[in-house]
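Chemist: sharing a model prediction with you, sequence too.
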Amino acid sequence: EAGVTQFPSHSVIEKGQTVTLRCDPISGHDNLYWYRRVMGKEIKFLLHFVKESKQDESGMPNNRFLAERTGGTYSTLKVQPAELEDSGVYFCASSQGRYTGELFFGEGSRLTVL
Amino acid sequence: AQKVTQAQTEISVVEKEDVTLDCVYETRDTTYYLFWYKQPPSGELVFLIRRNSFDEQNEISGRYSWNFQKSTSSFNFTITASQVVDSAVYFCALSETNYGGSQGNLIFGKGTKLSVKP
């Protein structure tokens, strides 16, 4: 069974440009999460989808970030326009049960904003 | 406020040594969940264990063991007879509860990088 896959693995863009990160969760997992780790800091929660609905987006830093999950399958996280402080590793995770806490993580998408 | 502190940034041991990774947490909740995740060089975080706040029994899984002490707000992780394959970054995490289960919005510590040398 395929795990959580993320694309791209690494993206380098200039400040002001747009980047879209994609996450394919494990098939059948209704719960999908985005996390971010900025260099030297903790991994921080961004948001949680249950199927196509945003259950909790309390961790989204600002309105330059837009997450979608159309159809309740894969998800995209768009950063527009990107700023220097957006650099970091963006992790996607999925889970079958909503309250298990056992999240299956992808390998992350490293974003570098120059 | 909830917080997880992993004071050890990096640890280096020689194979077969035992090593303990420390985790101290802060929360005002009376019910919560604690986790350990492993991040190998490939990058993904791998779930190791979940413990709820009402279960203070220590857990052992092969060479891995966990010591949960509410009195000191600690959830330490010990690897016995370490191996080179144990080299990774280990994260401790905390979550609130909802309807008795763990929320997925985990609060992570900064991680401890463990290097096991042959």
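Modeler: In hand now; what should we look at?
Chemist: now stretch A:20-33: average pLDDT?
Modeler: Stretch A:20-33 shows a mean pLDDT of 94.
Chemist: and that stretch, how far out from the chain's middle?
Modeler: Relative to its chain's centre, stretch A:20-33 lies at 9 Å (Cα atoms, centre = their mean, to the nearest Å).
Chemist: skip the chain neighbours and tell me the closest residue to residue 55.
Modeler: Reading this off chain A. residue A:48 (4.6 Å; Cβ to Cβ, 6 or more residues apart in numbering or on different chains). Where you see a C-beta, it was placed from the backbone N, CA and C, and this is true even at glycine.
Chemist: let me rephrase: I mean chain B.
Modeler: Of all residues not flanking residue B:55 in the chain, residue B:68 sits nearest, at 7.5 Å (Cβ to Cβ, 6+ apart).
Chemist: that's a strand at the one you found, yeah?
Modeler: Yes. Membership of residue B:68 in a strand is supported by DSSP: H, G, I helix; E, B strand; the rest coil.
Chemist: how about low-confidence regions in the chain?
Modeler: You didn't say which chain, so I picked chain A. A:1, A:98-101 (pLDDT under 70).
Chemist: my question was about chain B
Modeler: Where chain B drops to pLDDT under 70, the residues are B:97-103.
Chemist: tell me the bridge partners for residue 36.
Modeler: This is for chain A. residue A:44, residue A:90 (DSSP bridges).
Chemist: you looked at the wrong chain, it should be chain B
Modeler: Beta-bridge partners of residue B:36, as defined by DSSP bridges: residue B:49, residue B:92.
Chemist: and it, how many neighbours?
Modeler: 23 (other Cβ atoms under 10 Å in any protein chain shown).
Chemist: also residue B:47?
Modeler: Residue B:47 has 18 nearby residues by other Cβ under 10 Å.
Chemist: ok, it - contacts?
Modeler: A:102-104, B:35, B:37 (Cβ atoms under 8 Å, 6 or more residues apart in numbering or on different chains).
Chemist: what residues of stretch A:23-35 count as buried?
Modeler: Judged by neighbour count (16 or more other Cβ atoms under 10 Å in any protein chain shown), stretch A:23-35 contains these buried residues: A:23-26, A:29-35.
Chemist: let me fix that, I meant to ask about stretch A:64-71.
Modeler: So stretch A:64-71, judged by 16+ other Cβ under 10 Å, has buried residues A:65, A:67, A:69.
Chemist: hmm, residue B:32 and residue B:26 touching each other?
Modeler: No. Residue B:26 lies out of contact with residue B:32 (Cβ atoms under 8 Å); the separation is 10.4 Å.
Chemist: ok now stretch A:52-62, how far from the chain's centre?
Modeler: 11 Å.
Chemist: which residues does residue A:113 bridge with?
Modeler: residue A:13.
Chemist: go ahead and confirm it touches residue A:83.
Modeler: Yes. Judged on Cβ under 8 Å, residue A:113 makes contact with residue A:83 at a distance of 6.4 Å.
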